[in-house]
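Colleague: Prediction below, plus the sequence it came from.
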Amino acid sequence: MKRNGTRRLYAALLALIMVLVLLPVGAAKADEGSLKVGGTAIDLSQNGSYFDGKVVFEIVDGKNVLTLNDYKLENYNGNGIYANRIDLTVVGSAGIGVTGAAASAIFINKGNLTLNGDFTLRAQCVTGAALSVDGNLTVEDGALDVENSYEGCEAIFVNECMTVNGGTVHAKANGKKAIDTSDGIILNNDEAFLLGDANAYEVKIGVGYTITFVNEDGTELQSGAVAVGETPAYTGEEPKKPATVTQSYAFAGWKDENGIEYGLTDDLPAVNGEMTYTAIYTQREIVYGEPEWTWTGYESAEATFTGTDGETLYTQLLPADEIFHMTTVEPDCENPGIVTYTASVTFLDKTYYNNKNREIAPRGHEWVFDAFVWQKNAQGVYYALAQFHCARVESHTLSVNPVGGMATDPATCTEDGCEHYVAFLNEFESPDGQYHEDKLEVVIPAHGHWWSEPDLERTKTETGYQVTATVRCLYDYSHQISETVDAVYEVVTPPTLHEEGLCKYTATFTDPHLHSIWWTEPIPKLVTTFYGTDTVGLDMCTAKNGAYLYRYDIRVKNLENGALAVNSMQIFVTFDHAVLELALCEGPVEWVVNDGNDLLSAAWASETATTIADDEIVLTLWFKKIGDAPDTALPIAFTKNELGSGSALSYVEDGTVREIEVGTENGSLLLETPVIGDANCDGVVTAADAALALRAIVGLSELTPRGAMQADADGDLEITAEDAALILRLVVGLIDEFSAGV
């Protein structure tokens with residue numbers, strides 16, 4: 001790589017100036033090579049050109065060779081030797097002196113120069129170097145002595161590389177670099193050396209002496225020639241001397257062949273002959289501390305000693321000289337014993353010891369059975385503990401939870417009962433390996449009667465009500481107390497033409513287990529009252545899959561006015577949720593049904609009045625039996641009808657809309673058979689039912705509420721493809737009945 005663009009620009013400008021100033025008229029063209037010596041042109045096309053009888057130009061082996069033959073030249077206005085666009089080799093000896101504003105002793109423009117001989121160049125060049133080469137400069141042999149006395153200019157300028165294969169080079173400049181090269185200086189001859197700094201005012205390349213550096217044991221570390229007068233330098237790695245167990249060594253400098261010691265290589269004397277320098281060291285004591293031990297099992301150990309000389313750590317690894325052991329703690333029943341192993345090692349006349357312990361397992365207990373001890377927990381239940389003691393150390397005891405069991409003869413209202421407990425340990429679980437058993441009986445006192453709340457039954461009589469109260473023992477229903485009394489009637493609020501009255505009934509019992517009760521009933525207004533509910537049931541029968549379905553019809557029965565105009569209605573029904581489960585609701589209007597744990601409510605409302613015919617069924621409820629109810633009629637109560645907002649059951653009197661009072665009657669349910677699989681509700685199960693179920697699943701058809709209930713063949717309360725598949729299997733005879741109930 002060239003030094004920089006400025007350097008090349010400088011060389012190019014200098015060459016251009018010299019060409020323009022020095023070339024005579026009629027010289028070779030700019031793109032052709034030319035050569036001048038002392039301002040006189042040399043014909044490059046002919047060998048053997050002479051100048052002043054000494055200068056000879058020849059082409060030898062394809063090279064331009066200029067032989068000077070001790071030619072002395074002084075030129076005050078131009079270059080001593082000027083070559084343009086050719087490579088030139090100059091041989092022989094010459095002395096060239098130049099004084100001028102734009103001249104060099106030798107100037108090679110766009111070419112390379114090779115020198116082989118003694119050359120003395122003295123110049124006072126104002127704008128350029130005494131020796132200026134635009135390409136490469138090679139010194140093959142001889143002495144090259146160059147000086148530029150003009151202040152601020154180099155002695156030698158090489159635009160590319162300067163190579164010295166032999167000989168000596170002396171260069172001197174006045175306030176500038178002695179040698180200025182873009183690509184540096186290459187020294188190829190063992191006898192050629194660069195003395196001094198290439199940027200100093202004077203640079204010399206000459207012959208030196210061999211200087212050798214060796215270690216204390218005589219191993220050669222570095223060897224090479226150094227010029228006379230220069231200080232030798234050691235450039236290798238710092239010499240080392242291996243440490244012993246107790247001593248370390250630090251490099252301290254060099255001593256020469258006469259035993260004179262020096263510090264660093266900067267302290268070495270200038271070269272005036274061949275010399276061998278030997279490394280010298282200072283000695284330091286290594287001090288060791290206590291060792292760190294490493295055990296392998298219990299049979300081998302080694303000690304690591306770490307020492308320091310104040311700067312560096314050193315380690316010594318020694319195996320144990322001897323390992324012996326002894327029992328230091330004897331084991332007992334529960335606690336382990338200890339065997340101690342001791343290793344020893346001797347280092348630097350001192351013996352070191354280290355211990356390692358190994359645990360001995362306890363000897364264990366020899367258990368002897370004592371007895372079962374019975375105890376009662378916080379819940380009043382008895383449990384046993386098996387007690388043992390150790391035959392080796394009697395103070396060592398053990399409690400074990402045996403296997404336990406209990407059987408109970410329960411107490412009755414009047415008879416005592418008994419709890420029978422048993423506890424045992426088999427030979428596999430017992431600490432002594434033997435079977436042990438014990439039993440315990442605990443009397444349960446008779447618990448007496450636990451009377452229930454009274455069951456009340458009211459019977460309507462011509463004069464009022466008879467009330468029967470019955471309490472039963474919850475332990476034994478056969479134990480009961482029953483008493484019947486007449487209820488006492490009194491009027492609380494008398495009725496009017498437009499307002500109801502209120503009466504109160506009170507029943508008082510003499511038995512202390514019963515208590516008095518009372519209730520109130522409305523007294524009808526002194527106008528016509530409309531009653532309206534009834535229940536309808538069907539005959540009992542059994543479904544194919546063993547399921548039963550109960551139907552309950554709610555009717556509005558108007559005893560006087562026929563059809564009724566109704567805007568809203570709310571109905572409450574009570575039934576036993578442990579026995580019945582609501583399966584389906586049907587009605588001519590859109591009812592909102594809420595089946596709570598205690599009460600089922602059904603309600604509807606409309607912005608316009610709905611006409612209900614006399615004795616019309618307004619709501620049908622279907623129930624499924626889920627408990628152990630008898631297959632006879634089951635009680636269910638239609639408790640009340642409540643009016644919604646606006647006109648509910650109503651009639652017109654004197655132009656005024658008035659609400660109609662509604663009475664209630666209790667009803668009962670009978671059994672009815674569902675036809676499971678009959679999705680279209682035509683009474684038989686066919687492939688059409690399976691097809692309708694599938695169309696309903698994908699949204700192509702709709703099932704009626706009862707059809708959806710009967711299409712649920714597997715009884716999981718969902719209509720799926722599995723239900724359709726079961727219906728088809730029944731139709732083609734693959735199954736005789738459905739396995740699940742509705």
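Modeller: It's in. Everything numeric in this text was worked out from a predicted model, so none of it was measured. Numbers count the residues shown, from 1 in each chain.
Colleague: Beta-bridge partners for the closest residue to residue 67 other than its chain neighbours, please?
Modeller: Spatial nearest neighbour of residue 67, chain neighbours left out: residue 56 (4.4 Å); criterion: CB to CB, 6 or more residues apart in numbering. All C-beta spots, glycine's among them, are computed from the backbone N, C-alpha and C. For residue 56, the beta-bridge partners under DSSP bridges are residue 50, residue 67.
Colleague: how close does residue 56 sit to residue 72?
Modeller: The gap separating residue 56 from residue 72 is 16 Å, by CB to CB, to the nearest Å.
Colleague: likewise residue 122?
Modeller: In this structure, residue 122 and residue 72 are 11 Å apart, going by CB to CB.
Colleague: These two: which has the busier surroundings?
Modeller: residue 122 (18 against 13; other CB atoms under 10 Å).
Colleague: Next up, phi/psi of the nearest residue to residue 451 once chain neighbours are set aside, please.
Modeller: Take residue 451 and drop its neighbours on the chain: the residue closest to it by CB to CB, 6+ apart is residue 471, 4.5 Å away. The phi and psi values for residue 471, taken as degrees, to the nearest 10, are phi -110, psi 140.
Colleague: what's the domain layout of this structure?
Modeller: Partitioning the chain according to automatic domain parsing yields domains covering residues 5-206, 208-284, 292-360, 367-444, 455-523, 549-672, 676-742.
Colleague: Quick one: these as CSV, columns for mean pLDDT too.
Modeller: Below are those laid out as CSV (pLDDT from 0 to 100):
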stretch, mean pLDDT
domain 5-206, 73
domain 208-284, 87
domain 292-360, 92
domain 367-444, 91
domain 455-523, 85
domain 549-672, 65
domain 676-742, 83
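Colleague: hey, where'd the helices end up in the stretch 1-150 of the chain?
Modeller: Under the criterion DSSP state H, counting those that start in this stretch, the stretch 1-150 of the chain contains helices at 5-22.
Colleague: hey, what's residue 341 bridged with?
Modeller: Going by DSSP bridges, residue 341 forms beta bridges with residue 325, residue 356.
Colleague: quick one: secondary structure of residue 437?
Modeller: With DSSP: H, G, I helix; E, B strand; the rest coil as the basis, residue 437 sits in strand.
Colleague: give the contact list for the spatially most central residue of the chain.
Modeller: The centroid of the chain falls nearest to residue 294 when counting by CA atoms, centre = their mean (39.0 Å). Applying CB atoms under 8 Å, 6 or more residues apart in numbering to residue 294 gives the contacts 301, 302, 303, 304.
Colleague: So among the residues you listed, which ones count as buried?
Modeller: 301, 302, 303 (16 or more other CB atoms under 10 Å).
Colleague: isn't the first one right next to residue 292, touching?
Modeller: No: counting by CB atoms under 8 Å, no contact exists between residue 301 and residue 292, whose distance comes to 11.0 Å.
Colleague: coming back round to it: format the contacts of residue 294 as CSV; extra columns: distance to residue 439.
Modeller: CSV is the format used below for the contacts of residue 294 (distance: CB to CB, whole Å):
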residue, distance to residue 439
301, 62
302, 67
303, 68
304, 69
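Colleague: what about the residue nearest to residue 47 when sequence neighbours are not counted, distance to residue 65?
Modeller: Using CB to CB, 6+ apart and skipping the chain neighbours, the partner closest in space to residue 47 is residue 58 (4.8 Å). Using CB to CB, residue 58 is found at 5 Å from residue 65.
Colleague: neighbour count winner among these two?
Modeller: Neighbour count, other CB under 10 Å: between residue 58 and residue 65, residue 65 has more, with 17 against 14.
Colleague: Do a quick rundown of the helices in the stretch 451-600 of the chain.
Modeller: In the stretch 451-600 of the chain, no helices are defined using DSSP H, counting those that start in this stretch.
Colleague: Could I get the full set of strands for it?
Modeller: Applying DSSP state E, counting those that start in this stretch to the stretch 451-600 of the chain gives strands spanning 455-460, 465-472, 480-486, 488-493, 501-507, 517-523, 549-556, 564-574, 580-586, 592-595, 600-612.
Colleague: All set now, cheers.
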